[in-house]
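# Whatever this is, show me its structure:
(chains A, B and C)
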Amino acid sequence: MEKPEMNENIYLPRMATIQSMRPETIDVTTFRVTIDGSGGTGKFEYKSGQFAEVSVLGVGEAPIAITSSPTRPGTIEFGIRRVGELTNALHELQPMDEIGIRGPFGNFFPLEEMEGQNLLIIGGGIGLSPLRSVILNVFDNRAKYGKIDIIYGARSPQDLVFTSEYEEWQAVANTRLHLTVDRGDEEWKGNVGLVPTFLREINPSPENTTSITCGPPIMIKFVIEALNELGFSSEHIITTLERRMKCGVGKCGRCNIGSKYVCLDGPVFTLKQLEEMPSD
Amino acid sequence: MASQTKSRIIEKNNLTKLLDKLAHDYYLIAPVRDNNVSFRRVDSGNEVTLDYINTVLSPKSAFFPQTETLFRFSRDDSRGLGIEQDDEPDREQVIFGIRSCDARSLRLMDMVFNGQYKDSYYMNRREKTTLIGLACFEAAETCFCPTFGIDPASGEDVDILFSDIGDRYLVEPSTEKGAALLDRFAEFFAELRGDEEQLREARKAGLAGMKKLDVSNIADKMAPLYGGDYWESIGMKCLGCGICTYLCPTCHCFDIADVSMDEGGERFRCWDSCMFPEFTLMASGENPRPNRKARVQQRFFHKLKYFHDRNGELACVGCGRCIKYCPVNIDIAQIIEDVTSGKAGNE
Amino acid sequence: MKATSEEVQTRVKKLFEDGSIAHFIGYETGSDSLRVTPCFLKSGQAASLLVWNPLCANNLSKYLLDFKNVEGKVGIMVKGCDSRSVVELLKENQIDRDKVFIVGVPCSGIVDREKLLEVLGVSPGEVVAVEDDGGAFLVTLKKGKKRVDKEKVLRGECLVCKYPTPVVYDVLLGEAISSLPWVGDDYSLIKEQEALSSEEKTLYWNRELSRCIRCYACRNICPVCTCPECIFDKKAPRWLTKANDVSENLFYHLVRAFHVAGKCIDCGECERACPMNIPLRSLNKKVEKDLLELFDYTAGIDVEQQPPLTTYKVGDLDDFL
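Numbering: from 1, shown residues only, chains lettered A, B, ... in the order given. Modelled structure (predicted):
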């Protein structure tokens, strides 16, 4: 993995300015930022699947998945859910406010190896955020991939994220978006049911298909079970994990699962790799 | 070991004067007795004690301080917050009196703080420090460094080794850095008299019978014990405090936090411990290590397997501090024996 | 006569056999001759591991909190001091009385390991065993035996212990002890410190607490520190960071002393656990003395007694209002 361009001091963030904040749900907002002094993304070269350590100076820092695609340069986007001290502070900011960014860190989705294959992208809740980077990346290189199925679910219709983009996604060639919610409401006309159940109902073929999934740990667990039953092999099931992180560079010792550091050797792992790791 | 021609001796009554000069020319860190013995910055040779087996806290704080400012930021009306990087202390350090176990631990810490991403704070201090080791000729009952291929009387991991061979110290440089320092302070040293090796061997008799455990393939022996009941019984005793991790010379876990006031603030890092319950607690409330069994397991797996899997070395140096100070007597040497003998798999 | 290890083993085995307990917390020999370690039993099978000797310093009552929601009665071995922290846990409803089977052992002093080694001038490897011998300890060394006056090597809290016999128990092993001959004014050291000027006190505590590494061993080993989420671990509001400086250290220790005020029974575990030799007992002892003088209150004696800081009485002092 090549070393990204960054400060000599790996703990020093680069300042970035919030260009826009698009609320997705009551607790999720997509932040679009530019790196200061660069007029864009200033050599912040990232790949789909990587994350950045985002900070509000004086409050703290947290690892946030990058949701934009490197195929659409100029800005970097983060889908941030309000859940703790730092994310709450981020949500209190406004466009033109500054945040700190360190990174990009972590490994990335093996998009080159997936060329020529069909893609099955399964997301739950805010888990769609890192997956969106893959989705947009793949859309921008559409001819390189086979058919694309996106299965996405959230607790309720109000919790679905990136809804303003669904129309655009569904308009892409040979691409289907399957939506579901755990609990519907009077207006909801789509599927009602948990993502793993929905996945079984859709019954996708594992032939020449790689599956990428991200969501709450319990959803990932059941999705992987379902994918196994459907005949997907462990090399073709890919997920991205979440852990509490601080340094982002494999030194503070916090995010390890066995001998692997999620910030260095992950956050993207194949099921085959996960099977060799302890169940921490 | 460096060639004999560069080795020297120093008379015992010259040592204090040498330390005085070192304290004057460098930021000298040496063992000081103040309730217990610990490494402190000293201004003169008189403050130094050599009457100890090892210090309570390891010298890792000289490279990886418990609290360290990463950078400051200040509020500027026109542009919001601006970052100022904290000035690196540009001082040359000398640590005098470091033992073989602690010296080895620095090589292990280097594997963490160097590598793919270089931690400039640690590496800067490491590069600017000369290590003067003090050979051990007496071991505590909790010492077991030979287990890890560490020779308590050798200067393998330091720049210069001092050995107390009776009426004088044998002074041997192991690196260019060490030899250069000896040359700088040549006036304090004298030529070898010829019987130094003999005297050293006689002194080494005090190390006979030191605990040397079998750790061959221990990383592989640990693997099947993951999730086992053995860690349950240890986890039950464990208080979940940070004594073992804070005293351990190879523990490197840290937290990063911000403090701020109206006019600005700073981001700092500070020691943290995998034994604390909230160490892996995520904002969502999920905690992959939610109980003491999981955390205790993590500690011993890290030291005896995970670090080895990544770096090819075990992360314990047998200094015995965790054994001596654990209030409930959790003993890593005993755990190693239980793993090697198979007892840990039978619980 | 003091109970022997064998008597403890026999009794515990029986308690398992007749169904009185489903778990037991006691002591077993540690990793060297001068140490013991907590022992957790789920059956009488391994009861022969249990020991009872002058090295049994640990206050095991802290572990009762782990058994709150575990099926079955838990037996526990308690000395006089330990029984008093059990009383405090019962007072606070941290655990039900009928969940615990208390095996009380009257104690005439625990050895301070470091003091013993210093007085005898030996290393731990030379010691084989330590037994209670009335006013002295009988130390079996590899080469012979030695008698050491208890007063020279007792732990600090034993030198001032007023409750050598457990105050609550289901069974008592060994003869009850009414008082320990060396105990005099247990506040003499505190009175000395009270006599210091404000500047001297500040200097003293800043100096002692500058060594604190915030390992939280004192808090974690304390049986009456029972909060599931400690105020010092809270993120919001964040009262303390993990940064180590004297000001934060002082804040932590003083606040903790107040939080356990009225509960602390001077078992001394905090000071024993501290790797930096900080005289923590005197902080808590001072609060203990104040509570005695202000409210005529002694912790850990009577489960029914109301703690003064959480009880309101009409005659309470309010001259600060």
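# drop to CA atoms for contacts and neighbour counts, all remaining ones
Noted.
# Nearest to chain B: which residue in chain C?
Nearest to chain B in chain C, going by Cα to the nearest Cα, is C:Cys215, at a distance of 4.4 Å.
# Doesn't that residue belong to a helix?
No. Remark: C:Cys215 does not belong to a helix; assigned using DSSP: H, G, I helix; E, B strand; the rest coil, it is coil.
# my guess is it contacts B:Leu247, does it?
No. If you go by Cα atoms under 8 Å, C:Cys215 and B:Leu247 don't touch, sitting 9.5 Å apart.
# where's B:Val296, which helix or strand?
B:Val296 is part of helix B:292-301, with elements assigned from DSSP states H and E.
# quick one: is the very next helix or strand once past that helix near chain A?
On the C-terminal side of helix B:292-301, the nearest following helix or strand under DSSP H and E is helix B:307-311. Yes. Helix B:307-311 reaches chain A (Cα under 8 Å from any Cα of the partner chain) through B:Phe307, B:Asp309, B:Arg310.
# Show me how far helix B:307-311 is from its chain's centre.
Counting by Cα atoms, centre = their mean, to the nearest Å, helix B:307-311 is centred 18 Å from the centre of its parent chain.
# tell me, how many neighbours does A:Pro23 end up with?
Number of residues near A:Pro23 (other Cα atoms under 10 Å in any protein chain shown) recorded here: 16.
# ok, it - contacts?
Contacts for A:Pro23 (Cα atoms under 8 Å, 6 or more residues apart in numbering or on different chains) come out as A:Thr29, A:Thr30.
# returning to that earlier point: and the residues of helix B:307-311 next to chain A, which are buried?
Those of these that meet the buried threshold are B:Phe307, B:Asp309, by 16 or more other Cα atoms under 10 Å in any protein chain shown.
# from the residues of helix B:307-311 next to chain A, which is closest to C:Ser188?
B:Phe307 (51.1 Å; Cα to Cα).
# hang on, that closest one packs against A:Ser259?
Yes. With contact defined as Cα under 8 Å, B:Phe307 counts as touching A:Ser259 (6.8 Å).
# Sketch out the low-pLDDT regions of the stretch 101-250 of chain C for me.
Along the stretch 101-250 of chain C, the model assigns pLDDT under 70 to no residue.
# swap the cut-off to 90 and go again
Applying pLDDT under 90 to the stretch 101-250 of chain C flags the ranges C:123-125, C:133-135, C:184-186, C:188-189, C:228, C:234-238, C:240-245.
# and it, which residues reach chain B?
Within the stretch 101-250 of chain C, the positions adjacent to chain B are C:123-125, C:213-217, C:220-221, C:233, C:241-244 by Cα under 8 Å from any Cα.
# Taking those residues, tell me the two that lie furthest apart.
Maximum pairwise distance in these, criterion Cα to Cα, is 40.9 Å, between C:Gly125 and C:Thr241.
# These two: which has the busier surroundings?
Between C:Gly125 and C:Thr241, counted using other Cα under 10 Å, the more crowded position is C:Thr241 (17 against 14).
# who touches that one in this structure?
By Cα under 8 Å, 6+ apart, the contact list for C:Thr241 reads B:Ala257.
# Helices of the stretch 151-280 of chain A, start to end?
Taking DSSP state H, counting those that start in this stretch, the helices of the stretch 151-280 of chain A run over residues A:166-170, A:195-202, A:217-229, A:271-275.
# for the ones you listed, which one sits closest to A:Gly127?
Across the helices of the stretch 151-280 of chain A, A:Gly127 has its closest neighbour in helix A:217-229 (9.8 Å, Cα to Cα).
# Before we move on, what's the pLDDT of C:Met1?
You'll see C:Met1 listed with a pLDDT of 73.
# Next: the one 4 residues further on.
Note for C:Ser5: predicted pLDDT of 94.
# if I look at it, how far off is C:Tyr204?
According to Cα to Cα, to the nearest Å, C:Ser5 and C:Tyr204 sit 42 Å apart.
# who's more crowded, those two?
Between C:Ser5 and C:Tyr204, counted using other Cα under 10 Å, the more crowded position is C:Ser5 (17 against 14).
# Compute the distance between the more buried one and chain A, please.
For C:Ser5, the distance to chain A (Cα to the nearest Cα, to the nearest Å) stands at 40 Å.
# next one: C:Lys285
Applying Cα to the nearest Cα to C:Lys285 and chain A gives a distance of 38 Å.
# Check what pLDDT that residue gets.
With respect to pLDDT, C:Lys285 has a value of 95.
# before we move on, back to that, need the helices of the stretch 151-280 of chain A in TSV with mean neighbour count, can you?
Supplementary listing: these in TSV, determined by neighbours: other Cα atoms under 10 Å in any protein chain shown:
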stretch	mean neighbour count
helix A:166-170	12
helix A:195-202	18
helix A:217-229	16
helix A:271-275	14
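# Ok, which of the ones you listed comes nearest B:Leu19?
Comparing the helices of the stretch 151-280 of chain A by their distance to B:Leu19 (Cα to Cα), the top pick is helix A:271-275, with 53.7 Å.
# Quick one: the helices in chain B, in order.
For chain B, the helices defined by DSSP state H occupy B:12-25, B:100-113, B:120-127, B:176-184, B:196-204, B:218-222, B:229-237, B:243-247, B:292-301, B:307-311, B:321-325, B:332-341.
# Deepest in the core, which of those is it.
Most buried of the helices of chain B, by mean neighbour count (mean count of other Cα atoms under 10 Å in any protein chain shown): helix B:243-247, with a mean of 24.
# As a markdown table, the helices of chain B with distance to A:Glu92 and mean pLDDT would be great.
Below are these laid out as a markdown table (distance: least, Cα to Cα, whole Å; pLDDT from 0 to 100):
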| stretch | distance to A:Glu92 | mean pLDDT |
| --- | --- | --- |
| helix B:12-25 | 51 | 95 |
| helix B:100-113 | 35 | 97 |
| helix B:120-127 | 33 | 93 |
| helix B:176-184 | 53 | 94 |
| helix B:196-204 | 66 | 95 |
| helix B:218-222 | 47 | 96 |
| helix B:229-237 | 41 | 96 |
| helix B:243-247 | 37 | 97 |
| helix B:292-301 | 35 | 97 |
| helix B:307-311 | 40 | 96 |
| helix B:321-325 | 44 | 97 |
| helix B:332-341 | 48 | 96 |
